[in-house]
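**Q** What would the 3D arrangement of this be:
(chains A and B)
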Amino acid sequence: MKQKALKWFLMLAITASAQAETVFVTLEKDNALAVVDPIEGKLIKTVSVGQRPRGIFVSPDNKFLYIATSDENTIKIIDATTFKELGKLPSGKDPETFALNPAGDRLYVSNEDDSLVTVIDVAKKKVLKQIKVGVEPEGITVSPDNKWLISVSETTNMVHWINTKTNTIEANTLVDPRPRAASFTADSQQLWVTSEMAGTLMILDSQTKQIIKTISFDVQGVTRDKIQPVGVVIDKERNRAYVALGPANRVAVVNAKTFEVEKVLLVGQRVWNLAFSPDQKRLYTTNGTSNDISLIDLDTQTVTKSVGVGTYPWGVAVKP
Amino acid sequence: MSFLHYWRAMWGIVGRELWRFVTQRERFISALVRPLVWLFVFAAGFRAALGLAITPPYETYILYEVYITPGLIGMIQLFNGMQSSLSMVYDREMGSMRILMVCPLPRWFLLLSKLLAGTGVSILQVYVFLAIAWFYDIHAPWQGYLWIMPTLLLSGLMLGALGLLLSSFIKQLENFAGVMNFVIFPMFFMSTALYPLWKMKESSVFLSKLAEYNPFSQAVEMIRFALYEQFDQHAFIYTLVAFLLFMAAAIIGYNPSKGMMVKKGGS
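**A** Next up is the predicted model:
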């Protein structure tokens, strides 16, 4: 009897540890998806998913993964447990970055070469509209209140504010050169945009659509030209934001209230995209040229480990 | 000979060394300034020089300052060991060595006490250095600071025994410059204190081999792993064996009837 109880306890312990969050990383060069256990700090496996996978999202119900396979001109729907391909979405040409609305029924894709944003009905797998935007649209995001779709065009240096009901551009904001990524705060009041060329982070007010603050970065021992901010994420309480500084190999920690850069953390080479753990206690970074991801503990604000995943890790998404 | 005798003798030697350490403030400061200059000036210039490779015990990318810290701990102990040897030569010139040696206790015990005294001083210096490094953003897990204690004892003894052995060869204080040139510098530079082995291998396989067999490297690696709560068995055994060999040779060296003193015709 005692033994049985022990067995049960062991089984429970094993399943409990197996239920820890999973990190998914797209590997642009390996044409594969890396599956990582971030608690153990181990690569579990890699699964091939198609040609040049880049942007990745987990569906709101955590059942599917959406992966942009750029060289196949499609976004694939993949089962988040079995990794079987379940379907394809008509993304338009060369999809790289895309965004899901909070409900998960609309998907918006940047088509860089055609200067378009494609609006997709996820359930019907159909294109609803193609919106003409500035040259080379890159960063794309939807506000948590589902009011705004933001498209950032790299060459026009513009943030386009698109009404999600009408799918039309309502306003444009001129920003620093080569804007890359955009993220809303959880209350949808602010939009944070990074500029790769100016090496800055701009904070825009959602009401006025004007820049209220521009932050520049300085890393000791790293030349200015190497500081190229890309991915940016802000925590739910709006205490801190984290910015990937590209070839500076650092993640900047920004106080989201005072807009001061508090710290820079050393990670792998050409850090590009970032994702929080579901409880926002950890942050995961993809390091493009050192072929690994770095795990950051946010309580202590230290990089705890870097895990090799495969060639050219690009996008990162987390499933609880 | 009772236990109390041994205890009193050891305490006398250790107490003298500690008292010397506390009263000679210049010595304390200079012992700290050396590694701090390396940390703040030398390491600052090489911040990004280490390149890309994560080697154990590190699990992610580190700045050069973090890499060099265990090496500088080793440096503190290396200089301390040599300083003790210097003080032995001084003691011999001043005649206080004779008082020590006529003490009716085994020679090995007296020498070991001397070593422990020096090592105790070096451990104090290391912890002060680590405390300053903490404010320079060099942090290790707190358990690591406890784990290094036994490794510091062993590495301190090993380097001290080497110093003791050398001091049995040196007749006069002036010859200490030779120790600097032929022992301290080669030992420090041809080790993993400043660069990891893989980096050295990139430029010279021969140099990396020398560094690998250098007992100072092994002591530094033992400290490095301990600082990150890991036990490097190979480095531990290597350092232990080196200590036993140096100690045995030093005991022979200090034997008035057989040792180096007779050959040199010294006191």
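**Q** For the closest residue to chain B within the stretch 151-300 of chain A, what is the enclosing helix or strand?
**A** Relative to chain B, the nearest point of the stretch 151-300 of chain A is A:Gly221 (4.1 Å; Cβ to the nearest Cβ). Every C-beta, even on glycine, is put in place using the N, C-alpha and C of the backbone. Assigned by DSSP states H and E, A:Gly221 belongs to no helix or strand.
**Q** Could I get the contacting residues of the residue of the stretch 151-267 of chain B found nearest chain A?
**A** Closest to chain A within the stretch 151-267 of chain B is B:Tyr228: 11.8 Å, counting by Cβ to the nearest Cβ. Taking Cβ atoms under 8 Å, 6 or more residues apart in numbering or on different chains as the contact definition, B:Tyr228 lies against B:57-58, B:140-141, B:144.
**Q** I'd guessed A:Ile75 sits against A:Gly87; true?
**A** No: with contact defined as Cβ atoms under 8 Å, A:Ile75 does not reach A:Gly87; the gap is 9.6 Å.
**Q** Buried ones in stretch A:231-242, by neighbour count?
**A** Within stretch A:231-242, the residues that count as buried by 16 or more other Cβ atoms under 10 Å in any protein chain shown are A:231-235, A:240-242.
**Q** So what touches that stretch?
**A** For stretch A:231-242, using Cβ under 8 Å, 6+ apart, the contacting residues are A:180-187, A:190, A:192-194, A:201, A:243-244, A:251-257, A:262, A:271-276, A:280, A:283, A:285, A:296, A:298.
**Q** distance between that stretch and the chain's centre?
**A** From the chain centre to the centre of stretch A:231-242 is a distance of 12 Å (Cα atoms, centre = their mean, to the nearest Å).
**Q** what are the ranges of the strands in the stretch 1-150 of chain A?
**A** A:22-27, A:32-37, A:42-48, A:53-58, A:64-69, A:74-79, A:85-89, A:95-100, A:106-111, A:116-121, A:126-132, A:137-142, A:148-153 (DSSP state E, counting those that start in this stretch).
**Q** closest to chain B out of the ones you listed?
**A** Nearest to chain B, of these and by Cβ to the nearest Cβ, is strand A:42-48 at 11.7 Å.
**Q** I'd like the mean pLDDT over the closest one, please.
**A** This predicted structure assigns strand A:42-48 an average pLDDT of 93.
**Q** same deal with stretch B:218-233?
**A** 93.
**Q** what's the answer for stretch A:106-123, then?
**A** pLDDT averaged over stretch A:106-123 gives 93.
**Q** Same question for it: list its buried residues.
**A** Buried, per 16+ other Cβ under 10 Å, within stretch A:106-123: A:106-112, A:114-120, A:122.
**Q** Intersect these with the contacts of chain B.
**A** Among those, not one lies near chain B by Cβ under 8 Å from any Cβ of the partner chain.
**Q** biggest separation within the residues you listed, which pair?
**A** Farthest-apart pair in those is A:Ser115 and A:Val122; separation 23.3 Å (Cβ to Cβ).
**Q** For the host helix or strand of A:Ser294, buried residues please.
**A** Assessed by DSSP H and E, A:Ser294 sits inside strand A:292-297. Neighbour counts over strand A:292-297 (16+ other Cβ under 10 Å) mark A:292-296 as buried.
**Q** Next one, pLDDT for A:Phe83 please.
**A** 93.
**Q** In contact with it, which residues?
**A** Per Cβ under 8 Å, 6+ apart, neighbours of A:Phe83: A:33, A:35, A:47, A:49.
**Q** do the same with B:Gln172
**A** Neighbours of B:Gln172 in contact, by Cβ under 8 Å, 6+ apart: B:89, B:93.
**Q** and it, how far is that from B:Leu245?
**A** Applying Cβ to Cβ, to the nearest Å, the value for B:Gln172 to B:Leu245 is 26 Å.
**Q** Look at A:Ile75 and A:Gly87 and report which has more neighbours.
**A** A:Ile75 (29 against 12; other Cβ atoms under 10 Å in any protein chain shown).
**Q** so the more buried one bridges to which residues?
**A** Following DSSP bridges, A:Ile75 is listed with bridge partners A:Ala68, A:Leu89.
**Q** need the helices for the chain, in chain order.
**A** Unless you meant another one, I'm taking chain A. Assigned by DSSP state H, the helices in chain A fall at A:2-18.
**Q** think we crossed wires, I meant chain B
**A** So, for chain B - with DSSP H - the helices run B:3-23, B:25-37, B:43-45, B:64-94, B:96-101, B:107-135, B:142-167, B:176-179, B:185-189, B:197-203, B:205-213, B:215-227, B:233-253, B:260-264.
**Q** Quick check: A:Phe98 touching A:Gly55?
**A** Yes: with contact defined as Cβ under 8 Å, A:Phe98 reaches A:Gly55; the gap is 5.0 Å.
**Q** shared neighbours of these two, which are they?
**A** Joint contacts of A:Phe98 and A:Gly55 (Cβ under 8 Å, 6+ apart) are A:66, A:68, A:75.
**Q** who's in contact with B:Val126?
**A** So B:Val126 contacts B:73, B:76-77, B:148, B:152 (Cβ under 8 Å, 6+ apart).
**Q** so can I have TSV of these showing neighbour count and pLDDT?
**A** Formatted as TSV, the contacts of B:Val126 follow (neighbours: other Cβ atoms under 10 Å in any protein chain shown; pLDDT from 0 to 100):
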residue	neighbour count	pLDDT
B:Ile73	29	95
B:Ile76	25	92
B:Gln77	28	93
B:Ile148	26	94
B:Leu152	24	95
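**Q** Report the two of those separated the most.
**A** B:Ile76 and B:Ile148 (12.1 Å).
**Q** hang on, the earlier thing: ok, of the contacts of B:Val126, which one's closest to chain A?
**A** Closest approach between the contacts of B:Val126 and chain A, by Cβ to the nearest Cβ: B:Ile148, at 19.4 Å.
**Q** Could you report the distance from the residue nearest to the closest one when sequence neighbours are not counted to B:Val126?
**A** The shortest distance from B:Ile148 to any residue other than its chain neighbours is 4.6 Å, reached at B:Ala226 (Cβ to Cβ, 6 or more residues apart in numbering or on different chains). Per Cβ to Cβ, B:Ala226 is found 12 Å from B:Val126.
**Q** cool, and B:Thr69?
**A** 10 Å.
**Q** residues in contact with the nearest residue to B:Tyr238 once chain neighbours are set aside?
**A** Once flanking residues are discounted, B:Tyr238 sits nearest to B:Gln218: 4.1 Å by Cβ to Cβ, 6+ apart. Counting by Cβ under 8 Å, 6+ apart, B:Gln218 touches B:234-235, B:238-239, B:242.
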